[in-house]
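S.K.: Quick one, what's the 3D model for this:
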Amino acid sequence: IGDMNTRAFSGTTDRDITMRDVLDIAAARLDVREDMLPEVRLPLLETIANTYGNLGQYDTALDYRRRAIDLRVETDNADHLETINASNSFVTSLMRSGELDDALELAIDLQARLETKADRPEKLYLTVLSNVSAAYLELGRYTEAAPILERTIASKRSVFGDSHQSTLTTIANYAGLLASLGRPGEAVPYYREAYEGRLDGLGPANPRTLATQSTLGWALTAANQIDEGRAVLQSALTTATEVLGENHPVTTRATSSLAANLSESGDHAGAEQLMQRAYQAYSDSLGPEHPNTVTVRSDLIRQIVLQGRFDEAAGLLDEVIAVEDRVYPEGYWLRSQSLALRGECLLRLEEFAAAEEAIRSAFCLLEPAFDIDDSRITRDLTLEPFVAQSVRKAAFFVSFTPAPVDLKGTTLLMDIGGESKGSGIFLVEGLPTFA
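M.R.: Just a heads-up that it's a prediction; the model follows:
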């Protein structure tokens with residue numbers, strides 16, 4: 001299995017070899033071998049977990065990773081370095097499966113365990129810190145993520161080297177922080193460095209290389225480098241489909257990112273088709289309530305809104321918001337995007353009271369996530385509240401970014417009149433913005 005795993009994602013294996021079939025048989029045989037010694041069973045469990053993860057079967061990988069951890073605790077103890085290292089891999093599996101709160105709780109616990117050890121291995125400690133910051137980032141808690149990322153990116157360059165895969169992971173996460181703060185142009189060089197490092201170290205067909213290639217293409221698109229972004233994304237999608245299959249989560253990420261690129265160039269009908277494909281693929285591979293599935297469904301509805309089908313979109317958004325209430329942690333800023341989009345639909349449908357409630361709720365979710373004091377991260381991204389009145393005479397309590405923004409390709413939520421200092425509230429890359 002380990003040999004097939006390596007060869008498959010280096011692009012050298014015959015795709016007629018069905019890794020999933022071999023893996024399922026091996027897993028079934030392992031399950032019935034109760035007499036197997038722990039030192040034999042443990043590496044098999046971890047190999048099976050790694051391979052299911054590479055195949056995009058994240059929930060199955062999580063189950064085998066959990067069993068491996070339980071066995072390590074039985075044979076060693078929870079504070080043994082090998083157990084902590086394996087538990088750190090389990091954190092990654094939890095994040096892939098969308099169990100973000102559990103991932104963060106475990107990552108912080110591992111950090112605390114290592115900090116009690118006078119002789120802790122620095123490389124393991126930095127890897128654990130990287131997962132702590134990644135969990136904060138996934139949860140939209142940028143205040144906590146930023147200082148850890150800045151600390152670990154410098155330390156990993158020194159301890160591991162610039163081209164080490166662990167260093168590249170942190171570089172990509174830092175790029176994700178910058179992009180999430182509305183600074184995709186600054187994120188691009190970091191994503192490019194991470195992608196080129198993955199390409200050199202892992203090869204073009206490895207899932208991690210392809211995932212980073214997709215995020216680079218997405219960042220280029222967000223930075224208005226549309227043509228280069230499209231070329232990068234089309235290349236990633238072609239290779240991922242060939243090597244991983246149409247329904248692998250990495251392939252689906254490339255599909256949804258290419259859809260966003262088409263949308264930025266005004267092809268909303270084409271973007272809708274690709275988003276529909278991505279939504280179906282995520283539903284099939286990860287389930288309908290996985291955070292990736294929910295996010296892509298919201299992005300799909302955005303394409304419907306951009307084509308003026310407001311009534312259809314409003315009904316679909318009600319379904320998405322109900323799922324988000326179950327899936328996302330309370331106060332998670334990403335929930336603001338569906339609420340703001342619903343507010344826009346309701347405004348267009350002249351349901352002003354409901355629109356007011358949706359938009360106010362969206363802004364209440366946004367402000368805490370972006371209230372970061374570190375000027376190196378925020379620069380001009382300072383949020384402050386104010387009261388504005390729309391020309392429709394409906395009052396809205398909102399927050400806004402007073403710095404100038406690029407309004408290319410944005411959607412007007414409402415005109416602003418009265419004593420406000422600007423002209424309107426727009427959706428800029430999914431975020432309600434005053435300008």
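S.K.: Can you name the next helix or strand after the helix or strand that contains P43?
M.R.: For P43, the host element (DSSP states H and E) is helix 38-54. On the C-terminal side of helix 38-54, the closest following helix or strand by DSSP H and E is helix 58-75.
S.K.: Taking helix 38-54 as reference, get the angle to that following helix.
M.R.: For helix 58-75 against helix 38-54, the angle by axes from the mean of the first three to the mean of the last three CA atoms, to 10 degrees is 160 degrees.
S.K.: Following element in sequence after helix 58-75, please.
M.R.: helix 81-96.
S.K.: now the next helix or strand after that following helix, how far from the chain's geometric center?
M.R.: Elements were assigned by DSSP H and E; along the chain past helix 81-96, the next helix or strand is helix 100-115. Taking CA atoms, centre = their mean, to the nearest Å, the mean C-alpha location of helix 100-115 is offset from the chain mean by 19 Å.
S.K.: Counting by contacts, list what the helix or strand just after helix 100-115 packs against.
M.R.: Scanning forward in sequence from helix 100-115 by DSSP H and E, the next helix or strand is helix 122-138. On a contact count with 3 or more CB pairs under 8 Å, 6 or more residues apart in numbering; DSSP states H and E, helix 122-138 meets helix 81-96, helix 100-115, helix 142-159, helix 165-180. Using the backbone N, CA and C atoms, a C-beta is placed for each residue, glycine as well.
S.K.: how about those helices, which one is nearest D200?
M.R.: helix 165-180 (9.8 Å; CB to CB).
S.K.: Distance to A134, mean pLDDT and mean neighbour count for the helices and strands packed on helix 122-138 - can I get that in CSV?
M.R.: Listed next are the helices and strands packed on helix 122-138 as CSV, based on distance: least, CB to CB, whole Å; pLDDT from 0 to 100; neighbours: other CB atoms under 10 Å:
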stretch, distance to A134, mean pLDDT, mean neighbour count
helix 81-96, 7, 92, 21
helix 100-115, 8, 94, 18
helix 142-159, 8, 93, 19
helix 165-180, 5, 95, 22
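S.K.: Would you mind giving these as TSV with distance to V327 added?
M.R.: Output for those, formatted as TSV (distance: least, CB to CB, whole Å):
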stretch	distance to V327
helix 81-96	14
helix 100-115	10
helix 142-159	20
helix 165-180	19
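S.K.: Select, out of those helices, the one closest to F352.
M.R.: helix 165-180 (30.9 Å).
S.K.: For the helix holding P43, which outside residues touch it?
M.R.: 1-2, 4-5, 8-9, 19, 23, 26-27, 30, 33, 36, 58, 60-62, 64-65, 67-68, 71-72, 74-75, 86, 89, 93, 96, 207 (CB atoms under 8 Å, 6 or more residues apart in numbering).
S.K.: from these, which would you call buried?
M.R.: 1, 5, 8-9, 19, 23, 27, 30, 58, 60-62, 64-65, 67-68, 71-72, 86, 89, 93, 96, 207 (16 or more other CB atoms under 10 Å).
S.K.: Identify each buried residue in stretch 308-323, please.
M.R.: Buried residues in stretch 308-323 (16+ other CB under 10 Å): F310, A313, A314, L316, L317, V320, I321, V323.
S.K.: Tell me the one of these nearest S285?
M.R.: V323 (17.0 Å).
S.K.: ok, now which ones touch the residue most central in space within the chain?
M.R.: Most central in the chain under CA atoms, centre = their mean is E138, positioned 6.0 Å from the mean C-alpha point. E138 is in contact with M95, L100, A103, counting by CB under 8 Å, 6+ apart.
S.K.: 10 Å instead, please
M.R.: Residues near E138 by CB atoms under 10 Å, 6 or more residues apart in numbering: M95, G98, L100, A103, L104, A145, N173, G176, P291, Y332, L334.
S.K.: Then I321?
M.R.: V294, S298, R335, S338, L339, L341, R342, A358, S361.
S.K.: repeat that for 6 Å
M.R.: S338 (CB atoms under 6 Å, 6 or more residues apart in numbering).
S.K.: Doesn't it belong to a helix?
M.R.: Yes. Checked against DSSP: H, G, I helix; E, B strand; the rest coil, I321 lies within a helix.
S.K.: my guess is R335 meets E324, correct?
M.R.: Yes. Assessed by CB atoms under 6 Å, R335 is found in contact with E324 at 5.0 Å.
S.K.: so what sits against both of the two?
M.R.: Joint contacts of R335 and E324 (CB under 6 Å, 6+ apart) do not exist.
S.K.: what's the spacing between L339 and E150?
M.R.: 31 Å (CB to CB, to the nearest Å).
S.K.: Could you do A358 as well?
M.R.: Distance from A358 to E150, by CB to CB: 35 Å.
S.K.: and if you look at Y195?
M.R.: 21 Å.
S.K.: With R67 instead?
M.R.: Taking CB to CB, one finds R67 at 36 Å from E150.
S.K.: same thing with T83?
M.R.: For T83 relative to E150 (CB to CB), the value is 29 Å.
S.K.: same question, N247
M.R.: From N247 to E150 the distance is 37 Å (CB to CB).
S.K.: now do T238
M.R.: Counting by CB to CB, the gap from T238 to E150 is 35 Å.
S.K.: With R66 instead?
M.R.: Distance from R66 to E150, by CB to CB: 32 Å.
S.K.: Repeat that for T239.
M.R.: On the measure of CB to CB, T239 and E150 end up 32 Å apart.
S.K.: And L139, by the same measure?
M.R.: 18 Å.
S.K.: can you check V40 too?
M.R.: From V40 to E150 the distance is 43 Å (CB to CB).
S.K.: what residue ranges in the stretch 1-150 of the chain are flagged as low confidence?
M.R.: 1-18 (pLDDT under 70).
S.K.: Tally up the residues packed near the residue nearest to Q225 when sequence neighbours are not counted, please.
M.R.: Spatial nearest neighbour of Q225, excluding adjacent residues (CB to CB, 6 or more residues apart in numbering): V188 at 7.4 Å. The number of residues packed near V188 is 21, by other CB atoms under 10 Å.
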